[in-house]
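[1] can you look at this prediction? I've put the sequence above it.
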Protein chains: 2
Amino acid sequence: MIPPETHLQIGSLLFDGLDQIDLTGPFEVLSRIPNATYRVYAKTTTPVRDVKGLQLTPDATLVEAPRLDVLHVPGGFGQEAMMEDEEILAWIERQVAGAGHVFSVCTGALLLGAAGLLRGRRATTHWASFHLLPLFGAIPVNERVVVDGNWVFAAGVTAGIDGALRLAAELRGDDVARAIQLYMQYAPEPPFDSGTPERAAGPILDQAKRAVAAITAQREATARRVAARLGIAASNL
Amino acid sequence: MIPPETHLQIGSLLFDGLDQIDLTGPFEVLSRIPNATYRVYAKTTTPVRDVKGLQLTPDATLVEAPRLDVLHVPGGFGQEAMMEDEEILAWIERQVAGAGHVFSVCTGALLLGAAGLLRGRRATTHWASFHLLPLFGAIPVNERVVVDGNWVFAAGVTAGIDGALRLAAELRGDDVARAIQLYMQYAPEPPFDSGTPERAAGPILDQAKRAVAAITAQREATARRVAARLGIAASNL
């Protein structure tokens, strides 16, 4: 826990083709952390579209961002292109070097991996990309939220809400997280039990795997290329 | 369930000061419903800010919206001002008259009430505004998701995700909803048990009530004024 009187700079990275709820789920929590400035940063301040078209506008550019105390990296299909984007990777690397806390959601973890920051870290990501974590030297942990020191990793998509509440507790204590949870009325009741590969029925899982097969193959090819450049592929494959 | 070959027009209402996850939670589900066009509508196409500052841009204006098959109405503090906005109320009324399905999240229910559409309906809303439902002739049901015929009401904020999955199942069958749930990795694990007034610790609930007291009082004053105009206040108070 950080002293309540210490003002926090919290920032989310926004990029084209992200999965919007990787950002907007945590937004609901991070924007309510007391004594903090929370802003959304991107390469430019023009609106970007999430993978399904939602238009989100950043508050400021990467260059304008102060040294962040908390860096939040979302994922989504668009992360694949960002894995070889030098401007994005350099920004992440610089911010992580100064940040007390790092929070990844979904395939945001692969972006942190592409910046060379996952070596030896216990981490998680979306179930369809989970097998790619070792390419970056990470230790994959099949849990919804994985806390590794001051790093919080959330699994796929909606896991960002659970991860953000964990992060809020790490930053400001359990009662602050509980108060935010109450405001958000976060007492989930999924109408079905189909939220993980382990729980979903066989045909639904097969269909889901087919639906993400192309992007997963593309992610893997990119991940192997990036990992080779980082010099960590050989020891992990 | 609607025949799979019937194309659906799905629309969310966007307005200034909404609670962003009332829209973005359902977005994740509604944007993945097969054979559907899903768009976000507002008075103008300029970006609006959610109550905590997230900038969201609508796809089109209210006037440009086709007759929707599914209307989604989010809530949030900004809903209070919309309760007396004739343009918004007339649009809601017209769309509901033509829509097969109506879906409200959080205090979006009060907007539907202000449009005179809740008389005799079983409904729910955010816990802090739950007591206002009878002002509009609704029957308050203290459940996370309330289904009343072709209407789906979700309680506060994050309940919209559960409600949207219920709606997806109503529209396209359970397996479609299960497949979306798997993609979203929606197997929530809240780190605390503090998501409802019934579960939250006394001091946290008291603090939360104090935090929303002013807006709740303002909502109630507006709700009473609107209900009186609709001629349904007298019989319900």
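    Structure received.
[2] quick check: A:P191 touching B:L165?
    Yes. If you go by Cβ atoms under 8 Å, A:P191 and B:L165 touch, sitting 5.2 Å apart. Just so you know, the C-beta spots here come from the backbone N, C-alpha and C atoms, and that holds for glycine as well.
[3] which residues does stretch A:132-141 contact?
    A:109-110, A:112-114, A:116, A:118-125, A:130-131, A:153, A:219-220, A:223-224, A:226-227, A:230, A:232-233, A:235-237 (Cβ atoms under 8 Å, 6 or more residues apart in numbering or on different chains).
[4] find residues that contact each of A:P191 and B:L165.
    In contact with both A:P191 and B:L165: B:A177, using Cβ under 8 Å, 6+ apart.
[5] quick one, which of those two is more surrounded?
    Using other Cβ atoms under 10 Å in any protein chain shown, the more surrounded residue of A:P191 and B:L165 is B:L165, with 29 against 20.
[6] right, and the helix or strand after the helix or strand harbouring the more buried one?
    Per DSSP states H and E: B:L165 is located in helix B:159-172. Where DSSP H and E defines the elements, the next helix or strand beyond helix B:159-172 is helix B:174-183.
[7] which residues touch that next one?
    A:156-157, A:190-192, A:194-197, A:200-201, A:203-205, A:207-208, A:211-212, B:28-29, B:32-34, B:165-166, B:168-169.
[8] can you select the buried ones from these in ChimeraX?
    Here is the ChimeraX command that selects the buried residues among these (16 or more other Cβ atoms under 10 Å in any protein chain shown):
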select /A:156,157,190,191,192,194,195,196,197,200,204,205,208,212 /B:28,29,32,33,165,166,168,169
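[9] wondering if the longest helix along chain A reaches chain B at all.
    Longest helix of chain A, by residue count under DSSP state H: helix A:202-230. Yes. Among the residues of helix A:202-230, A:203-205, A:207-208, A:211-212 lie within reach of chain B under Cβ under 8 Å from any Cβ of the partner chain.
[10] chain center to that helix, what's the gap?
    17 Å (Cα atoms, centre = their mean, to the nearest Å).
[11] if you average the pLDDT over that helix, what comes out?
    Mean pLDDT, helix A:202-230: 94.
[12] that helix packs against which elements?
    Judged by 3 or more Cβ pairs under 8 Å, 6 or more residues apart in numbering or on different chains; DSSP states H and E, helix A:202-230 is in contact with helix A:79-82, helix A:108-114, helix B:174-183.
[13] in it, which residues are buried?
    A:204-205, A:208, A:212, A:215-216, A:219, A:222-223, A:226-227, A:230.
[14] now stretch A:27-44 - C-alpha only, CSV.
    Extracted in CSV, the C-alpha atoms of stretch A:27-44 (Å, rounded to 0.1, in the frame of the first residue of the first chain):
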residue,chain,number,x,y,z
PHE,A,27,-11.3,2.4,-16.2
GLU,A,28,-14.3,2.0,-13.9
VAL,A,29,-11.9,1.1,-11.1
LEU,A,30,-8.8,3.1,-11.8
SER,A,31,-10.7,6.4,-12.3
ARG,A,32,-12.1,6.0,-8.8
ILE,A,33,-8.8,5.5,-6.9
PRO,A,34,-8.5,8.4,-4.4
ASN,A,35,-5.7,11.0,-4.8
ALA,A,36,-4.8,10.0,-8.3
THR,A,37,-4.7,11.4,-11.8
TYR,A,38,-5.9,8.9,-14.3
ARG,A,39,-5.5,9.5,-18.0
VAL,A,40,-5.5,7.5,-21.2
TYR,A,41,-2.5,7.9,-23.5
ALA,A,42,-2.0,7.1,-27.2
LYS,A,43,0.4,8.0,-30.0
THR,A,44,-1.8,10.8,-31.1
